[in-house]
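> Everything below, folded, please.
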Amino acid sequence: MGEGGSVAPQGSGKTPLVLQHLQSLLAASVERHGVPSASIAVRFGDRTFQAAAGWANRSAGIEATPGAVYHFGSTTKMLTATLVARLVDQGLIELDAPIARYIPDFTPPDPAVAQQLTVRHCLTHQAGLIGIIFAETGSNDDTVARQVGLLNGAPQYHTPGAVLSYCNSGLILLGRLIECTLRKPWAAAIVQDLAQPLGMHSVASRPEQALRQRYAVGQVPDPGTGQWAPDPHPYWMPGHGPAGSTCAGSPSDLLSFCTMHLQEGVAVDGTRYLSPQTARLMQELQVPSPTRFLYAGFGLGWVLYDWGGRRILGHDGSTAGSNSFLRVDPQNRVAVSLLVNCRAGLPVYEDLFSEIFRELSGAWEPDAPPVMEGASQDLDRYAGTYADCAIRLTVERSGQGMTMSVEPTVSTPLSKTLAQRLHLHPWAPGQFYVSGPDAMLGVRDAPLTTRLVRPYAVIEAEGRKWLHNGTSAFRGA
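Numbering: from 1, shown residues only. Presented below is the predicted three-dimensional model:
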């Protein structure tokens, strides 16, 4: 199940081989997979190791360095969630109170939702709001409030608490909660009230802040040549900032953030940011995932992974021109952050994280689960069309397995899903997985050698079928 090798001892003074060769391993992976650049930071015990390779901005001749700032994408959600947790600690909000209590301008179409939808629902991705509204609301200080105005006119995706389904809109509400409570824009609060106290010195929530630093320009495939070209919309939809559209920083910034969580709320400078109880609560399972391997579920913000029985914390993120990957093993005090300035970073993640975690932690992502008796029976019941606000998935019977066609239904700078046809392998009733290149959904020319495995499940809730990928639910037609 992904276990292997001996765990490198901490405190011995000897640097593990994978960390001795971190720079060469990263440079080789960047070259092998043709990504523009990548930067990585590893915390092992009380030591931090960093490496960077490639071009942060090739056209300007700017090389990637460990201090370069890359977009965090949805990993920003952990920053937003942690600032909300601090407000809970301070007694300014309550986890299980209706979020509308703190946001006067949140007036959803169904008055019952305003009473049912809690702060905890938004933190655990059970809000039931439509996942994301693709609409620009400017870059002024009212941009998050204007996104909430759009939510007020949107239909509910599911009843709050009924289904686990990854929800950007829930994080936008949390961003607005921060604004209403602290009486300042989210973009200011996330820097002043979270990044600076935690020693995240290069975090930028606005483009003018990022451009004062060594900024890794996001890259997208040129439609004509297929070569990497600068993302023409790097700060599209700043109203989605609390969910991940704007925040940038270095990998070491994310390690400073992780250090506070590893130290039960104590920041790198020794000051207390969260209470021990709240820091632990954020890491505890709040809602389980319907899939039975890889994903355990969600804590308060954290994605909880199951790596062969080992609980791992993490979060990933993307913009049109970036990828971010964050994993934390609390038991072995290992944290790794990888930032890439394109959306094809998953092969680099596999190369580096597999080496690092096998040597430092003794665990890595699980292989495909063993097939249970009867897994291929009655597969027709799982066929159908499933969709959210951006993607349509068509599942069909194919021999002793099934196929899934992935079709994007919108095209925006933040939604670049590729049309693909994947093979779903049944391993238990209603439980499936994809493997090999299919497991790198959205990566063009994914390496054939990949060993990654990704789960899917068909579940029933609210009188209908849903297709679930471990974190997100797609509603059956």
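
> use CA for all of it now, contacts and neighbours both
Noted.

> starting at the chain centroid, how far to the helix or strand containing G297?
G297 is part of strand 294-298, with elements assigned from DSSP states H and E. Offset of strand 294-298 from its chain centre (CA atoms, centre = their mean, to the nearest Å): 12 Å.

> who's in contact with it?
With contact meaning CA atoms under 8 Å, 6 or more residues apart in numbering, strand 294-298 is reached by 124-125, 285-289, 303-308, 311, 365-366, 454-455, 470-471.

> Please flag which of the residues you listed sit within strands.
Mapping the contacts of strand 294-298 onto strands (DSSP state E) picks out 287-288, 303-307, 311, 454-455.

> List just the nearest of these to P160.
Relative to P160, the closest of those is V287; by CA to CA it sits at 12.7 Å.

> Relative to P223, how far out is the residue nearest the centre of the chain?
Centroid-nearest residue in the chain, with CA atoms, centre = their mean: D316, separated by 2.8 Å. Remark: distance between D316 and P223 (CA to CA, to the nearest Å) = 26 Å.

> Find the nearest non-adjacent residue to Q115, please.
Nearest non-adjacent residue to Q115, counting by CA to CA, 6 or more residues apart in numbering: P98, 5.5 Å away.

> Could you give the number of residues near that neighbour?
19 (other CA atoms under 10 Å).

> do R146 as well
R146: 18 neighbours (other CA under 10 Å).

> Just confirm it is within a helix.
Yes. The assignment for R146 is a helix, going by DSSP: H, G, I helix; E, B strand; the rest coil.

> Do you know the pLDDT at it?
R146 carries a pLDDT value of 98.

> who's in contact with the residue lying closest to it once chain neighbours are set aside?
Distances taken as CA to CA, 6+ apart place T137 nearest to R146, at 6.1 Å, with adjacent residues excluded. By CA under 8 Å, 6+ apart, T137 lies in contact with 143-144, 146-147, 237-239.

> Which strand or helix spans T137?
Counting by DSSP H and E, T137 is part of no helix or strand.

> Now do it, the pLDDT please.
For T137, pLDDT reads 96.

> same check, this time on G442
pLDDT, G442: 85.

> so how far is A375 from it?
27 Å.

> Ok, G34 next?
39 Å.

> For the two, indicate the residue with more neighbours.
A375 (18 against 15).

> Torsion angles phi and psi at the closest residue to that one other than its chain neighbours?
Leaving out its chain neighbours, the residue that sits closest to A375 by CA to CA, 6+ apart is A428, at 4.4 Å. Main-chain torsions, A428, degrees, to the nearest 10: phi -160, psi 160.

> now Y382
phi -100, psi -10.

> The one 3 residues further on too?
With angles defined as degrees, to the nearest 10, T385 shows backbone torsions of phi -110, psi 130.

> any idea of the pLDDT on D445?
As predicted, D445 sits at a pLDDT of 89.

> can I assume it sits in a strand?
No. Counting by three-state DSSP, D445 falls outside a strand, being coil.

> Specify the local secondary structure of A457.
Going by three-state DSSP: A457 is strand.

> Show the subsequent helix or strand relative to the helix or strand containing T80.
Assigned by DSSP H and E, T80 belongs to helix 76-89. Moving toward the C-terminus from helix 76-89, the next helix or strand (DSSP H and E) is helix 111-116.

> As a check, name the ranges of all helices in the stretch 301-450 of the chain.
346-360 (DSSP state H, counting those that start in this stretch).

> Any regions of it where pLDDT drops low?
413-417 (pLDDT under 70).

> circling back to that earlier point, what separates the nearest residue to the residue nearest to the centre of the chain once chain neighbours are set aside from P238, distance-wise?
Nearest residue to D316, sequence neighbours excluded (CA to CA, 6+ apart): F325, at 4.6 Å. Relative to P238, F325 is positioned 21 Å away (CA to CA).

> if we can go back for a sec, pipe the contacts of T137 into JSON lines and attach distance to V84 per row.
What follows is those, written out as JSON lines (distance: CA to CA, whole Å):
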{"residue": "T143", "distance to V84": "19"}
{"residue": "V144", "distance to V84": "16"}
{"residue": "R146", "distance to V84": "20"}
{"residue": "Q147", "distance to V84": "19"}
{"residue": "M237", "distance to V84": "22"}
{"residue": "P238", "distance to V84": "19"}
{"residue": "G239", "distance to V84": "18"}
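
> Burial check on the residue nearest to D316, number of neighbours?
Neighbour tally, F325, other CA under 10 Å: 24.

> now swap in the one 5 residues further on and tell me
The burial metric for P330, expressed as a neighbour count using other CA under 10 Å, is 18.

> that older thread, show me which of the contacts of T137 is closest to D105.
Once CA to CA is applied, the member of the contacts of T137 that ends up nearest D105 is R146, at 9.5 Å.

> hang on, that closest one packs against G239?
Yes. Counting by CA atoms under 8 Å, R146 does reach G239; the two are 7.4 Å apart.

> the strands in the stretch 151-300 of the chain, which residues?
219-221, 228-230, 248-249, 287-288, 294-298 (DSSP state E, counting those that start in this stretch).

> right, and those strands - which one's nearest T450?
That would be strand 294-298 among those, by CA to CA, at 16.0 Å.

> Next, the contact list for I312, please.
304-306, 327-330.

> returning to that earlier point: could you pull up the residues touching the residue nearest to the centre of the chain?
For D316, the contact set (CA under 8 Å, 6+ apart) comprises 73-75, 323-326.

> Could you do G265 as well?
272-276, 278-279.

> between those, which is nearest A112?
When the contacts of G265 are compared for distance to A112 (CA to CA), T278 comes out closest, at 28.9 Å.

> Pull the number of nearby residues for that closest one.
For T278, using other CA under 10 Å, the count is 19.

> One more: R212?
10.

> cool, the one 3 residues further on as well?
Using other CA under 10 Å, Y215 has 24 other residues around it.

> repeat for D46
D46 has 10 nearby residues by other CA under 10 Å.

> distance of it from V119?
In terms of CA to CA, D46 sits 34 Å off from V119.

> do the same with L151
Computed as CA to CA, the L151 to V119 distance reads 16 Å.

> Could you do G224 as well?
45 Å.

> quick one, which of those two is more surrounded?
V119 (28 against 6).

> show me what contacts that one?
Contacts of V119 (CA under 8 Å, 6+ apart): 94-99, 174.

> Now restrict the contacts of G265 to buried residues only.
272-275, 278-279 (16 or more other CA atoms under 10 Å).

> Redo these as TSV? Include distance to V336 and pLDDT.
Converted to TSV, these look like this (distance: CA to CA, whole Å; pLDDT from 0 to 100):
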residue	distance to V336	pLDDT
R272	23	98
Y273	21	98
L274	21	98
S275	24	98
T278	22	98
A279	19	98
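
> domains of this structure?
Following the assignment in automatic domain parsing, the chain carries domains at 1-366, 379-476.

> Give me whichever of these is most buried.
domain 1-366 (a mean of 21; mean count of other CA atoms under 10 Å).

> and that domain, how far from the chain's centre?
On the basis of CA atoms, centre = their mean, domain 1-366 sits 6 Å off its chain's mean C-alpha point.

> And N341, its phi and psi?
N341 adopts backbone torsions of phi -100, psi 50, taken as degrees, to the nearest 10.
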